[in-house]
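1. Structure for the following, please:
(chains A and B)
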Number of protein chains: 2
Amino acid sequence: MRVSQLFTRTRKDAPADEVSKNAQLLIRAGYVYKEMAGVYAYLPLGLRVVEKIKQIVREEMEAIRSNELIMAGLQRRDVWEKTGRWSDEVVDIWFKTKLQDGTDLGLGWSHEEPIVEMMQHYAKSYKDLPISLYQFQTKMRNELRAKSGIMRGREFVMKDMYSFHASAEDLDNYYNEAIEAYKRVYDRLGIGDDTYVTFASGGAFTKFSHEFQTICDAGEDVIYIHRGRNIAVNEEVLDEAVKELGVAREEMEAVKTAEVGNIFNFGTQKTDEMDLKVTGENGQQMSLYLGSYGIGVTRLMGVVVEKFSDERGIVWPENIAPFRVYLATIGDTTEVADKLYEELTEKGVEVLYDDRDARPGEKFADCDLLGIPHRVVVSPKLVEQGLFEYKHRTGEAAETLTREALLGRLV
Amino acid sequence: MRVSQLFTRTRKDAPADEVSKNAQLLIRAGYVYKEMAGVYAYLPLGLRVVEKIKQIVREEMEAIRSNELIMAGLQRRDVWEKTGRWSDEVVDIWFKTKLQDGTDLGLGWSHEEPIVEMMQHYAKSYKDLPISLYQFQTKMRNELRAKSGIMRGREFVMKDMYSFHASAEDLDNYYNEAIEAYKRVYDRLGIGDDTYVTFASGGAFTKFSHEFQTICDAGEDVIYIHRGRNIAVNEEVLDEAVKELGVAREEMEAVKTAEVGNIFNFGTQKTDEMDLKVTGENGQQMSLYLGSYGIGVTRLMGVVVEKFSDERGIVWPENIAPFRVYLATIGDTTEVADKLYEELTEKGVEVLYDDRDARPGEKFADCDLLGIPHRVVVSPKLVEQGLFEYKHRTGEAAETLTREALLGRLV
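-> I've put the predicted structure just below:
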């Protein structure tokens, strides 16, 4: 893509009303636009990052045999009343609306109830199980405050997955597979080493649920890590967990973290509340076991920006950078740059081509703010010698490379 | 994909409360699930069709230099008040909700106003123009009645595109390019020959807007076609158009149609109302010209089902079928079928592999109901001779083919 075709432009200053680092950087670079507090549009560059994160998540969910679908955002009151979660006193982040005839509707902040309701039409026998389904859904949550940029939006993209099983053991096994799948997602996003499977407050069925918590100064949580035993505990359940797991509290270190995923074992609680049963092996009706697994896609994007940036801008991990290469012309080098752009694009390398008539310093600053991993500069002096300037976003200095060496590094 | 891994199953009867043919067939085949009137979940097979339609639309919008983004569904009241369209008396299909502090919000039924509002932050000079942006957005419309299945949903996927120009002439040129892009979309979906660019009631700026109307018994519109001059007119503007275009009313034929796209030339009306200006060549502030272009993605899916089905089920056009090939085993032919499944999948052919232990008649009926274009049957008798049974969804009879001939036809 050519920079001249982007309608966005970088800006030096963050908007005055935006206090979070992730949104400041993403707005300045032109990835997102703030429509209101906690509600952002994803502009062409930002949408590319979102789609790359989604694709990584998608691959890992497919790898554990989950099938993608998409439920509706509009939700029925009666479906949520079955479990008592329609009430604003129980769930305090509902957005609600009405049909023209006055019928109450909710806007999906989660989808457990609607998916259990739907499953009554499809799961009939124990032979139909296990079933695992996931979606990328735009969730709406009526947060009282929204000051963490895209880390806590009132509207955001979430991958939620639901699995149905005939036995507690089968759910346990799948739950553990899901933990491993989630770890692979964080590894591929470059935050695996800083992300902890963390004991957190459970649902009704298990003492603890599991959160995935990434060390992050901008995070809203505090967890306690026992490095020796590789155990992490959310502070909300610290007392219980210390007792249960037999670790010494004084050996645990408090760190600030951002939650990047959570998984729940609902047992048969929710399916029983909603009366979802299947025919068992012996011909009798049996309860189903439900697991629920969430990853905030746009939240992850925010956490990555919080963790990977410097004074010059964002530093995208290679896997989710909107483009791998920033190709900039200096002076009248369009012919050589055009040729390189076409060659790289043909070979499947994603290039953002800065073809503008602008000062080199402006181009370099934009490249750094945008956080594109590889920068290639085509300058008159080097063109004469058939050479190119190359610099990695995190590298100390630029190098001079031949065409072959450059292609070897980028293709 | 293996049929045994699908959680959906086909059903003989349509749900009693579903009166539209498209939703009846799509529900029976397991493409969609009805959450409430006008609100459907798209199940794994249905989501594949939606994504294929989106990809065709995406390619044609990119071909006319439009860039993809995604705006928010939650919308601000003040943005819509600038043009008078916040009022329920002016726009009667709003869903509205509130923040916890009581602030009114709307749920996006369209995005002209928010995108014009956003553009104030990006379009500064005539040199920034033209700009064309599009999105695939889940629109919410509070329809009084919703009886047309996925052809008129209360929640549905729409591609909307907006273009900004420095002159009326530039907008006109782009508008005409968009008409051609839309025609290519309909051609690729197999409905090009039945789709008419139709004069319809205009916006404030032009006498007529343009709709794309597809001949369809289940459609909600009536248009008048002049076959000799290839002119089509929506009945709502028939009198005006007959006068303006100089055609004889008695030479025009009335047909029932479904609207599959519409485009508007807003001129400078909306941008003026919202005070979006840029610096012109002479240094003075100038108005912007706005075009708006919509295609209902899920609506198109419904129209295709209405048009392409027979008494046995859906007949998907090849380009948007969820899978190209339905591979069914008869008897104990798993080994040969597994091998063919792997080979086709490796070559990039999308195969739905019916590996179930079920009667041949059930498998054939499912294949026909699902509407997969190519059916391949592996039976014990033919396996012995190294042959395969092949039938096209619309073919009269099955043929017997060698492996080579089969691959030649499918790959």
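
2. Who are the packing partners of the lowest-mean-pLDDT helix or strand in chain A?
-> Of all helical and strand segments in chain A, the minimum by mean pLDDT, DSSP states H and E falls on helix A:238-245, at a mean of 90. Judged by 3 or more Cβ pairs under 8 Å, 6 or more residues apart in numbering or on different chains; DSSP states H and E, helix A:238-245 is in contact with strand A:208-215, strand A:231-234. C-beta: built from backbone N, CA, C; applies to glycine.

3. Out of those strands, which gets nearest to residue A:275?
-> For residue A:275, the closest of those is strand A:208-215, at 23.8 Å, according to Cβ to Cβ.

4. what does that closest one rub up against?
-> A:179, A:182, A:186, A:191, A:194-203, A:219, A:221, A:223, A:232, A:234, A:237, A:240-241, A:244, A:255-265, A:303, A:307 (Cβ atoms under 8 Å, 6 or more residues apart in numbering or on different chains).

5. just the angle between it and helix A:238-245, please?
-> Going by axes from the mean of the first three to the mean of the last three Cα atoms, to 10 degrees, strand A:208-215 is angled at 110 degrees with respect to helix A:238-245.

6. After strand A:208-215, heading C-terminal, what element do we hit next?
-> Where DSSP states H and E defines the elements, the next helix or strand beyond strand A:208-215 is strand A:221-226.

7. In space, not sequence, find me the middle residue of chain A.
-> Nearest residue to the geometric centre of chain A (Cα atoms, centre = their mean): residue A:297, 2.4 Å.

8. surely that one meets residue A:136?
-> Yes. The criterion here is Cβ atoms under 8 Å, and residue A:297 meets it with residue A:136 at 6.6 Å.

9. okay, and the common contacts of those two?
-> Residues touching both residue A:297 and residue A:136 (Cβ under 8 Å, 6+ apart) are A:54, A:57, A:157, A:158, A:159.

10. Buried ones among these?
-> Burial by neighbour count, 16 or more other Cβ atoms under 10 Å in any protein chain shown: within the shared contacts of residue A:297 and residue A:136 this picks out A:54, A:57, A:157, A:158, A:159.

11. Check the secondary structure at the third one for me.
-> Reducing the assignment to helix, strand or coil with DSSP: H, G, I helix; E, B strand; the rest coil, the entry for residue A:157 is strand.

12. Quick one: residues contacting the nearest residue to it once chain neighbours are set aside.
-> Leaving aside its sequence neighbours, residue A:157 sits nearest to residue A:297 (Cβ to Cβ, 6 or more residues apart in numbering or on different chains; 4.2 Å). Neighbouring residues of residue A:297 by Cβ under 8 Å, 6+ apart: A:50, A:53, A:54, A:57, A:136, A:156, A:157, A:158, A:159.

13. quick one: the closest residue in space to residue A:285 that isn't next to it in sequence from residue A:116, how far?
-> With sequence-adjacent residues excluded and distances taken as Cβ to Cβ, 6+ apart, residue A:285 is closest to residue A:277, at 4.3 Å. In this view, residue A:277 and residue A:116 are 11 Å apart by Cβ to Cβ, to the nearest Å.

14. what do those two both touch?
-> Joint contacts of residue A:277 and residue A:116 (Cβ under 8 Å, 6+ apart) are residue A:271.

15. Can you pick out the residue with more neighbours from these two?
-> residue A:116 (25 against 17; other Cβ atoms under 10 Å in any protein chain shown).

16. That one contacts residue A:271, correct?
-> Yes. Between residue A:116 and residue A:271 there is a contact at 5.9 Å, judged by Cβ under 8 Å.

17. anything in contact with each of these two?
-> residue A:290.

18. ok, back up a step: out of the contacts of strand A:208-215, which sit inside helices?
-> Among the contacts of strand A:208-215, DSSP state H puts A:179, A:182, A:186, A:240, A:241, A:244, A:303, A:307 in helices.

19. what's the domain layout of chain A?
-> Domain assignment for chain A by automatic domain parsing gives A:3-310, A:323-410.

20. in the stretch 1-150 of chain A, which spans are helices?
-> For the stretch 1-150 of chain A, applying DSSP state H, counting those that start in this stretch gives helices covering A:21-29, A:44-63, A:77-81, A:112-119.

21. Looking at those helices, which is nearest to residue B:337?
-> helix A:44-63 (22.1 Å).

22. Please work out which residues outside the closest one touch it.
-> So helix A:44-63 is in contact with A:1, A:6-8, A:26, A:29-32, A:42, A:68, A:132, A:134, A:136, A:157, A:159, A:161, A:181-182, A:184-185, A:188-189, A:295, A:297-298, A:300-301, A:316, A:319-323, A:370, B:67-70, B:133, going by Cβ under 8 Å, 6+ apart.

23. mind exporting it as CSV, just the C-alpha atoms?
-> Extracted C-alpha coordinates of helix A:44-63, given in CSV (Å, rounded to 0.1, in the frame of the first residue of the first chain):
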residue,chain,number,x,y,z
PRO,A,44,-7.3,0.9,7.6
LEU,A,45,-4.0,0.3,9.4
GLY,A,46,-5.7,-0.6,12.7
LEU,A,47,-8.1,-3.0,11.0
ARG,A,48,-5.1,-4.8,9.5
VAL,A,49,-3.7,-5.4,13.0
VAL,A,50,-7.1,-6.5,14.3
GLU,A,51,-7.5,-9.0,11.5
LYS,A,52,-4.0,-10.4,12.0
ILE,A,53,-4.7,-11.0,15.7
LYS,A,54,-8.0,-12.6,14.8
GLN,A,55,-6.3,-14.9,12.3
ILE,A,56,-3.8,-16.1,14.9
VAL,A,57,-6.6,-16.7,17.4
ARG,A,58,-8.7,-18.4,14.7
GLU,A,59,-5.9,-20.8,13.8
GLU,A,60,-5.4,-21.9,17.4
MET,A,61,-9.1,-22.4,18.0
GLU,A,62,-9.5,-24.4,14.8
ALA,A,63,-6.5,-26.5,16.0
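
24. Show me what counts as buried in that helix.
-> A:44-54, A:56-58, A:60-61.

25. between it and helix A:21-29, how big is the angle?
-> Going by the same axes, to 10 degrees, helix A:44-63 makes 130 degrees with helix A:21-29.

26. ok so, going back, any chance of the helices of the stretch 1-150 of chain A in TSV, with mean pLDDT too?
-> Output for the helices of the stretch 1-150 of chain A, formatted as TSV (pLDDT from 0 to 100):
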stretch	mean pLDDT
helix A:21-29	97
helix A:44-63	98
helix A:77-81	98
helix A:112-119	97
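
27. between the ones you listed, which one is nearest to residue A:396?
-> Between the helices of the stretch 1-150 of chain A, helix A:21-29 lies closest to residue A:396; by Cβ to Cβ that is 22.0 Å.
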